[in-house]
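>>> just coords:
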Ligand SMILES: NC(=O)c1ccc[n+]([C@@H]2O[C@H](COP(=O)([O-])OP(=O)(O)OC[C@H]3O[C@@H](n4cnc5c(N)ncnc54)[C@H](O)[C@@H]3O)[C@@H](O)[C@H]2O)c1
């Protein structure tokens, strides 16, 4: 089986590439990303399998993999991904993310490629309940999340024979060579490590949010491919729902830290937990512990800084 991964130099993609040799039956791996400051991610990547790398901007250039190369599955990770920053960068987030998505969709349709589309639990936004995929009232709080909903809707409207799955990933936790530190837990680990008080949104201490361990993200992608679950459905993918207070407790085990409560434009949300029993019922055990990812992140920081 041949795989194409877009945005593979990022946080999730670099973890996936580092561990891809553990997956049976993957023949050739093609990767598209835009090398800018991420050139170091590419250099630091420790991969045991050969990858074929294409360097271009997916929002501007059509996917140009020659027809003689058969691609079975495409994992689409290329996006601008900082949800909070997307509020001040709305136009660019819409342009980049939608153009990349449409480019990928077009390629998959023409070449009959199965698509793994990565959405986000941030589509739920302000909720007071334990939400699942049937939630009718999505309340996205950022342009980033709006675009994810738009992509999901475009996919739903495609012709029946087009095969895809949409995965609403919780906020990723855990280290990788392309790791970023703008998402909650990773940012807190970094702030604790460099002895800066944790910048916590004023409303967030007691609020539940969904988190996904990188290990479970890896497991999920393999599970989908191995079991060929391209049923045009949306699935929540979450390891644990936790409050910021829970997270701070876990961080304090590695580094004693203080908290600075701050205001942020997208913070006025209610607490919500995301239910992932739809995918669990299909046999996928999402059982990695966020506390282990936090420990692994400190291990990495201790090694590198
Ligand atoms: N990290 C999370 O917490 C999280 C949570 C839910 C969903 N997701 C989704 O998972 C996917 C991957 O996330 P990530 O955390 O690895 O993101 P990341 O920001 O670490 O990586 C994204 C990659 O996409 C590439 N990219 C962006 N625009 C591009 C373009 N125009 N052309 C070519 N490459 C481009 C970037 O260079 C980068 O390497 C994204 O769709 C993201 O929305 C992430």
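Received it, and whenever you're ready, just let me know what you need. Just so it is clear, the model here is predicted, and its values are computed rather than measured. Numbers count the residues shown, from 1 in each chain.
>>> okay, now whichever residue of the stretch 1-150 of the chain sits closest to the ligand: neighbour count?
Scanning the stretch 1-150 of the chain for the residue nearest the ligand gives residue 10, at 1.9 Å (criterion: C-beta to the nearest ligand atom). Just so you know, the C-beta spots here come from the backbone N, C-alpha and C atoms, and that holds for glycine as well. Counted by other C-beta atoms under 10 Å, the residues lying close to residue 10 total 22.
>>> I figured it hits residue 81, correct?
Yes - under the criterion of C-beta atoms under 8 Å, residue 10 is in contact with residue 81, at a separation of 7.2 Å.
>>> So the residue nearest to residue 202 when sequence neighbours are not counted versus residue 255, what's the distance?
Leaving out its chain neighbours, the residue that sits closest to residue 202 by C-beta to C-beta, 6 or more residues apart in numbering is residue 261, at 4.6 Å. Distance, residue 261 to residue 255, using C-beta to C-beta, to the nearest Å: 19 Å.
>>> Need the pLDDT of the nearest residue to the residue of the stretch 1-150 of the chain closest to the ligand once chain neighbours are set aside.
Excluding the flanking residues, the one nearest residue 10 by C-beta to C-beta, 6+ apart is residue 178, at 4.8 Å. On the pLDDT scale, residue 178 is placed at 89.
>>> cool, and residue 191?
On the pLDDT scale, residue 191 is placed at 93.
>>> Touching, it and residue 258? I think so.
No - between residue 191 and residue 258 there is no contact under C-beta under 8 Å: 9.9 Å.
>>> overlap in contacts of these two?
197, 198 (C-beta atoms under 8 Å, 6 or more residues apart in numbering).
>>> Which one of these two is surrounded by more residues?
More crowded of residue 191 and residue 258, by other C-beta under 10 Å: residue 191, with 21 against 11.
>>> can I assume that one sits in a helix?
Yes - counting by DSSP: H, G, I helix; E, B strand; the rest coil, residue 191 is located in a helix.
>>> Residue 200 versus that one, what's the distance?
Counting by C-beta to C-beta, the gap from residue 191 to residue 200 is 10 Å.
>>> Next: residue 215.
Separation of residue 215 from residue 200 (C-beta to C-beta): 26 Å.
>>> got the residues of the stretch 51-200 of the chain near the ligand?
Contacts of the stretch 51-200 of the chain with the ligand, taken as C-beta under 6 Å from any ligand atom, map to 57-59, 77-81, 96, 100, 118, 120, 169, 171-172, 178, 180, 183.
>>> how about 8 Å then?
Within the stretch 51-200 of the chain, the residues that sit near the ligand (C-beta under 8 Å from any ligand atom) are 56-60, 76-82, 96-97, 99-100, 118-122, 144, 148, 168-173, 178-180, 183.
>>> and these, which of them are in helices?
Among those, the residues falling in helices (DSSP state H) are 96, 97, 99, 100, 144, 148.
>>> out of those residues, which one sits closest to residue 207?
Nearest to residue 207, judged by C-beta to C-beta, of those is residue 144 at 18.7 Å.
>>> what's the burial count for the closest one?
Per other C-beta under 10 Å, the neighbour tally for residue 144 reads 26.
>>> Please check the ones in helices among the residues of the stretch 51-200 of the chain next to the ligand and keep the buried ones.
Buried members of these, counted by 16 or more other C-beta atoms under 10 Å: 96, 97, 100, 144, 148.
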